[in-house]
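Undergrad: Pasting the sequence and the predicted model now:
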Amino acid sequence: MKRILLTLTLCGLTLFAKSQNASVEKSTFGIQTGVLGLWVYNEAKLSDAFALRTELGFDFGIWETTYYDDFDSPFIQTPVIVLEPRFYYNLKKRSENSKRIDGNSGNFIALKTSYHPEFALFNTDNAPVVSDFAIIPTWGIRRNIGDHFNYEAGIGVGYSYTFAERAGYSEDESGLELNMHLRIGYRF
């Protein structure tokens, strides 16, 4: 009876110790693509549940707004710089259920801050490029496919500010902005 209790106690301590190690990775680096873009990212560990994601990429789009009335829905490819703190809130639960958490695979809440400069690589109608800044609280998930591939989805609504005066328009604008993303990526 003593051996059975000792064995169960040791097994229980092992499971407890394993659940305490649920943490975001120290650093993870990769590339992702979606319907309208290509991004290179790095996530650096801030604490067991928090990571800071930095991202450089290109957003593609067809814009129809007040800024592009004189143009036939221009196709523009603009660079984007993103700084996004993320809180991965279910890593411990995923680990306890023997689900993967490598590569920061889990559910997260983020505060996406992005900036599009007044620069475009591909601009079909030579439309004026208007820079903007956005802060968008986002909920999302990331899951692994094999050892290096992953997919990510997220949704959020936040605030954006468009620097229209710099591009020659009468005034800057601000308002609500929607962030929806579905990406597939490769983690190095």
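TA: On my side now, so go ahead. Everything quoted here is computed from the prediction, not taken from an experiment. Numbers count the residues shown, from 1 in each chain.
Undergrad: Skipping adjacent residues, who's closest to L182 in space?
TA: A153 (5.0 Å; CB to CB, 6 or more residues apart in numbering). Bear in mind the C-beta positions are built from the backbone N, C-alpha and C, glycine included.
Undergrad: So the one you found is in contact with I184, correct?
TA: No. Using CB atoms under 8 Å, A153 is not in contact with I184; the gap is 10.1 Å.
Undergrad: beta partners of the residue nearest to L182?
TA: Beta-bridge partners of A153, counted by DSSP bridges, are I141, L182.
Undergrad: Please state the mean pLDDT value computed over the helix or strand where N150 lies.
TA: Taking DSSP states H and E as the definition, N150 sits inside strand 149-162. For strand 149-162, mean pLDDT rounds to 96.
Undergrad: shift numbering so it begins at 53
TA: In the new count, where the first residue is 53, that last one comes out as strand 201-214.
Undergrad: what helices or strands is that strand leaning on?
TA: With contacts defined as 3 or more CB pairs under 8 Å, 6 or more residues apart in numbering; DSSP states H and E, strand 201-214 has these neighbours: strand 158-168, strand 184-197, strand 225-239.
Undergrad: can you rerun that using 6 Å?
TA: With contacts taken as 3 or more CB pairs under 6 Å, 6 or more residues apart in numbering; DSSP states H and E, strand 201-214 sits against strand 184-197, strand 225-239.
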